[in-house]
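Enquirer: could you look at this predicted model? Sequence included:
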Amino acid sequence: HNRRRGATGSLPASVRVGRYLLRHWRTSRQWHPLDPSEQCRLNCHGPITGLGWGVILTIQWPVPTLANMLRTPLYDTHKRLGARLIDFGGWEMPVMYRGVQDEHVHTRTAGSIFDVSHMGRILVSGDDAEPYLQFICTRNMEKLKVGRCGYCHICNEQGGVLDDVIVSRYESYFLVVCNAINREKIVEHLKRHAEGRKVTLDDMTRKTVMLAVQGPATLGLFRERMPIPLDIDSIPWYGFITGSYMGTKYTIARTGYTGEDGLEIILPAGMGVMAWDFLTREGGADSATIMPAGLAARDSLRLEAGMPLYGHELGEGVDPISAGCKWCVHLKAEADFLGKAALLKINEAGPERKITGLVLEGKRIARPGAKVLAGNAEVGDVTSGTLSPTLGKPIAMAYVDAVRLEAGDGLTVDVRGTRIACTVVPLPFYKRDDLK
């Protein structure tokens, strides 16, 4: 509703209610119950430019409340360190501690620790575990050796991506690590296709903690500060070791989501705080320090590294080939998997759109949803964008018509009504030469 300047008469009841709710929201920023059994979030999108007085109020219902969001075993540590906490996939997670720029640069130059315990961790065991996961995932599980991790996708029958996961092969079982926002969906998907097979599923997410230590100095600092006597350097990229120290089982994988060398560590939930404190303790005036970093820095780091994010570059309406992930889809393997028939057709015809990198002129950032233009024609959509702390330039990932990509540059991005010239570049934007 709108009340123009000079208008007379009382405001509609809906506007009066909206004004009351908006005043309350501005002062309390709380969750607003509409029903005793449910809660909702009130968002303000206004004022409406060119319409005089007015706001748009939208209600998201239902959403998780602050009281019932999931928390990792390190929640109190994040609070003590002054982290800004947000709702991320139903978990109350640290988005930043000191600032995105500082945390990003420290990861690239020294080392950072991320709490990634919100990510799903599902054990798959039983006589049929290998052929079962071969049917579920796009990767050839026969070639995944014990002690190795494999990135792959879980697709629907149309070839759309239900989630991107990392599967690790242990001596007697597999571990599937999925995105937090998709955990319940993936667990149900796994259960549905496990019927009639000799497979046991165990969701270990709430029973364990997962820490990511990323950066060029982290391997040395891990050896120095953790009490476990291990030859960390012998772990290959996308390999892992497992063992027990003083009765505590651990998995240490040389993986990550930042483009840097580093480790991801899985421990029993009760050992998370101790491991965090060991790794972040001061090592002397001249020693590099592992500093905490939040999800915002993790996002800018993965974007520089050209890594896809579910909900941005990946989704149920996107296939792995269009997403530039054909390398993790084993179409030539004899074994069938969900979505293989559809992906074979896409691969033969070629994707209509492809993911690509864009570097924008100036300093303005292209946000998700911004249109990519060739002249006056829309030829693509931005999926992720930021001002790269490493490169000092605005970068973006976008899906662009495959035919237009073959024609070369000459593209622009519509950034809030302003066309910004951009250059098409191959992904990733940043890569360490020593990571194979």
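Expert: Nice, thanks for sending it over.

Enquirer: every contact and neighbour count from this point should use C-alpha atoms.
Expert: OK.

Enquirer: can you list the weak-confidence ranges in this structure?
Expert: Across the chain, the ranges flagged by pLDDT under 70 are 1-67, 283-287, 407-408, 436.

Enquirer: where do the helices sit along it?
Expert: Using DSSP state H, the helices of the chain run over residues 13-28, 75-80, 100-109, 129-136, 183-194, 218-225, 272-280, 295-304, 340-349, 402-406.

Enquirer: comparing these, which comes out most buried?
Expert: helix 295-304 (a mean of 23; mean count of other C-alpha atoms under 10 Å).

Enquirer: look up phi and psi at Val199.
Expert: Val199 adopts backbone torsions of phi -140, psi 140, taken as degrees, to the nearest 10.

Enquirer: distance to Met93 added to the helices of the chain, as TSV?
Expert: Below are these laid out as TSV (distance: least, C-alpha to C-alpha, whole Å):
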stretch	distance to Met93
helix 13-28	21
helix 75-80	8
helix 100-109	15
helix 129-136	29
helix 183-194	16
helix 218-225	23
helix 272-280	15
helix 295-304	8
helix 340-349	35
helix 402-406	37
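
Enquirer: any idea which of those gets closest to Val329?
Expert: Closest to Val329 of those is helix 340-349 (C-alpha to C-alpha; 8.8 Å).

Enquirer: now do that closest one: everything it contacts.
Expert: With C-alpha atoms under 8 Å, 6 or more residues apart in numbering as the test, helix 340-349 has contacts from Thr138, Glu157, Gln158, Gly159, Asp319, Ile321, Leu331.

Enquirer: relative to Arg80, how far out is the third one?
Expert: Relative to Arg80, Gln158 is positioned 46 Å away (C-alpha to C-alpha, to the nearest Å).

Enquirer: equivalent analysis for the fourth one, please.
Expert: Computed with C-alpha to C-alpha, the distance linking Gly159 and Arg80 is 44 Å.

Enquirer: likewise for Leu435?
Expert: The gap separating Leu435 from Arg80 is 35 Å, by C-alpha to C-alpha.

Enquirer: related to what we said a few turns ago, just the buried ones out of the contacts of helix 340-349, please.
Expert: Thr138, Gln158, Gly159, Asp319, Ile321, Leu331 (16 or more other C-alpha atoms under 10 Å).

Enquirer: tell me which of those is nearest to Asp409?
Expert: Asp409 lies nearest to Ile321 out of these, by C-alpha to C-alpha, at 22.1 Å.

Enquirer: so that closest one sits right up against Arg353, yeah?
Expert: No - using C-alpha atoms under 8 Å, Ile321 makes no contact with Arg353, being 9.6 Å away.

Enquirer: quick check: Leu201 vs Glu316, distance?
Expert: Note on Leu201: its distance to Glu316, by C-alpha to C-alpha, is 23 Å.

Enquirer: ok, Thr200 touching Val124?
Expert: Yes - under the criterion of C-alpha under 8 Å, Thr200 makes contact with Val124 at 5.8 Å.
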